[in-house]
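Undergrad: The sequence and its predicted three-dimensional model are supplied below.
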Number of protein chains: 2
Amino acid sequence: MPERRTRRKPRRHEQFASKKEAILNAAADLIVENGFENVSLADIARRLNVSKPTLYYYVESKDQLLFELHEIGFAAVKTALDAAQDSDRTGLERLEIFLRHYAEGGFTNFGRALVETGIRGLSPENEKRMRTRQRAADRMLENIIRDGVADGSIDAQTDPAIAANYLFGALNWIAYAPGDWSNLSPRKTARDYVAVICAGLLPRA
Amino acid sequence: MPERRTRRKPRRHEQFASKKEAILNAAADLIVENGFENVSLADIARRLNVSKPTLYYYVESKDQLLFELHEIGFAAVKTALDAAQDSDRTGLERLEIFLRHYAEGGFTNFGRALVETGIRGLSPENEKRMRTRQRAADRMLENIIRDGVADGSIDAQTDPAIAANYLFGALNWIAYAPGDWSNLSPRKTARDYVAVICAGLLPRA
DNA sequence: AATTTGCCTTACCGGTCGGTAGAATATCGC
DNA sequence: GCGATATTCTACCGACCGGTAAGGCAAATT
């Protein structure tokens, strides 16, 4: 007796999303391996064993492909920021939560591709949009630090703007040099990394 | 009476070095402005008001050009490390000296081009050489931090390897986003930046 | 079974890249 | 002034890029 409707073979039009996802994943992998500018659409197609025009059935242009990668990576940043909005906690606790989420994101290929690529290669409009989001994230991190200084959980002489900047720098650096520790658990590594950084922000006598 | 020999017009073969320097400077400027992959040899030639083949009279290939830029940038790193080898000082003091030099280097276009480009675009041999130097610098910084932990000038729970990594990340980030503060004095900005970072490494009760 | 629709192919385009050939020109030693 | 040499030019090459045209084949619809 043939299987009933519940376990049917997926109809073709239902595969569209998953195939597009495969393209995005392959693109992220290749960008991390070789850098955005060294990845051609032919490379992506080759890795997926399809022809180059096939990609255009799923993605309208290389620019758009890059932008969608950025959006996925940025969604993780947004998640990290949302997780750190619990107003019952101190600024330092919220900062640690954010940094931990962010660092974990930095170990994924989407996160690494996001940092690796920066905003290069984006069309002017998309570059503008990404820049706006980056600044927004920067300011939110800055505000968390400011809250921490205000409630005494972070050392008083910390400059929120400078600290936000160097924290992003420190964490984004993970994206460049994670090969050395890629055999370790991202979660644990992120935890250790953040612990060391945050120790430097504790208030002192 | 015409000027005597001491103030003569420079002979042609003496201009070679300065012209090559001009090429390297123009390349660094353009790389910082547009990213390495978006700078063609034609762009560099155009900025210098010469034709493209002229560049090849001074530089043997784009790969070689990039490598020489890396060498200049790396010389600054070496200088920073040498300056921090004064064994009369504590580890933290030496760390501050290094970081300040390094941060200042990060504000030059050679330093920014070095970080901006990373090791992408280098031929396999040159990539290997640069990677080796990077690791060497990383270990030297690590050792300075270790000394600081040993002599008590840096907090005991600091992990030298992780700290070295995030310090490089934090400082390299300057190379990506210095546009916002480019009107300020690099020396003062570097000093402020390093002061905030180092405050986090002081020993605590 | 016939036809429409979704998916993927081969073949190709214009443009740009790094790099080169070879001639033209400016400057040097003599 | 003259030949040698250092410097720069115009013109061009093959490779590769992002992107497109047009059709073939298979699955879904009828």
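TA: Right, received. Where do you want to start? Owing to the predicted nature of the structure, the values given are computational and were not obtained by experimental measurement.

Undergrad: where exactly do the helices run in chain A?
TA: If DSSP state H is used as the criterion, the helices of chain A fall at A:16-34, A:41-47, A:52-58, A:62-83, A:91-107, A:109-117, A:124-150, A:160-176, A:186-199.

Undergrad: hmm, the first one in reach of DNA strand D?
TA: By that I understand helix A:16-34. No - Helix A:16-34 does not reach DNA strand D (Cβ under 7 Å from any atom of the strand); its nearest approach is 9.9 Å. Every residue, glycine included, has its C-beta placed from N, CA and C.

Undergrad: Which strands or helices does that helix pack on?
TA: helix A:41-47, helix A:52-58, helix A:62-83, helix A:109-117 (3 or more Cβ pairs under 8 Å, 6 or more residues apart in numbering or on different chains; DSSP states H and E).

Undergrad: And for the second one?
TA: In terms of contacts (3+ Cβ pairs under 8 Å, 6+ apart), helix A:41-47 is packed against helix A:16-34, helix A:52-58.

Undergrad: Return the most buried member of these.
TA: Ranked by mean neighbour count, these are led by helix A:16-34 with a mean of 17 (mean count of other Cβ atoms under 10 Å in any protein chain shown).

Undergrad: ok, and what's touching it?
TA: Contact partners of helix A:16-34, identified using Cβ atoms under 8 Å, 6 or more residues apart in numbering or on different chains, comprise A:39, A:43-44, A:47-48, A:55, A:58-59, A:65, A:68-69, A:72, A:109-110, A:112-113, A:116-117, B:120.

Undergrad: That one versus helix A:62-83: what angle between them?
TA: Per axes from the mean of the first three to the mean of the last three Cα atoms, to 10 degrees, the angle that helix A:16-34 makes with helix A:62-83 is 90 degrees.

Undergrad: Can you give the distance from helix A:16-34 to the centre of its chain?
TA: For helix A:16-34, the separation from the chain centroid amounts to 15 Å (computed by Cα atoms, centre = their mean, to the nearest Å).

Undergrad: now it: mean pLDDT?
TA: The predicted model assigns helix A:16-34 a mean pLDDT of 94.

Undergrad: now swap in stretch A:80-95 and tell me
TA: 94.

Undergrad: mind listing what's buried in stretch A:64-75?
TA: The neighbour-count check on stretch A:64-75 (16 or more other Cβ atoms under 10 Å in any protein chain shown) flags A:65, A:66, A:67, A:68, A:69, A:70, A:71, A:72, A:73, A:74 as buried.

Undergrad: Counting neighbours, which bits of the helix-or-strand element of chain A with minimal mean pLDDT end up buried?
TA: Every helix and strand in chain A was compared by mean pLDDT, DSSP states H and E; the lowest is helix A:186-199, with a mean of 86. For helix A:186-199, the neighbour count (16+ other Cβ under 10 Å) marks A:186, A:189, A:190, A:193, A:194, A:196, A:197, A:198, A:199 as buried.

Undergrad: Do I have it right that the second one meets residue A:107?
TA: Which is residue A:189. Yes - between residue A:189 and residue A:107 there is a contact under Cβ atoms under 8 Å: 7.2 Å.

Undergrad: which one of the buried residues of stretch A:64-75 is nearest residue A:80?
TA: If you rank the buried residues of stretch A:64-75 by distance to residue A:80 using Cβ to Cβ, residue A:74 comes first, at 10.3 Å.

Undergrad: distance between stretch A:91-100 and the chain's centre?
TA: Chain-centre distance of stretch A:91-100: 17 Å, with Cα atoms, centre = their mean.

Undergrad: does any part of that stretch sit near chain B?
TA: No - judged by Cβ under 8 Å from any Cβ of the partner chain, stretch A:91-100 and chain B are separated, with a smallest distance of 10.8 Å.

Undergrad: Give me the contact list for that stretch.
TA: Outside stretch A:91-100, the residues that touch it by Cβ under 8 Å, 6+ apart are A:80-81, A:83-86, A:89, A:141, A:144-151, A:153-154, A:167, A:171, A:190-191, A:194, A:197-198, A:201-202.

Undergrad: Let's see that with 6 Å instead.
TA: Stretch A:91-100 is contacted from outside by A:80, A:83, A:84, A:144, A:147, A:148, A:151, A:153, A:154, A:190, A:194, A:198, using Cβ atoms under 6 Å, 6 or more residues apart in numbering or on different chains.

Undergrad: From the residues you listed, list the buried ones, please.
TA: Using 16+ other Cβ under 10 Å as the burial test, the contacts of stretch A:91-100 include A:80, A:84, A:144, A:147, A:148, A:153, A:154, A:190, A:194, A:198 as buried.

Undergrad: which one is the second one nearest to, not counting chain neighbours?
TA: In other words, residue A:84. Nearest non-adjacent residue to residue A:84, counting by Cβ to Cβ, 6 or more residues apart in numbering or on different chains: residue A:98, 3.7 Å away.

Undergrad: Many thanks, we can stop here.
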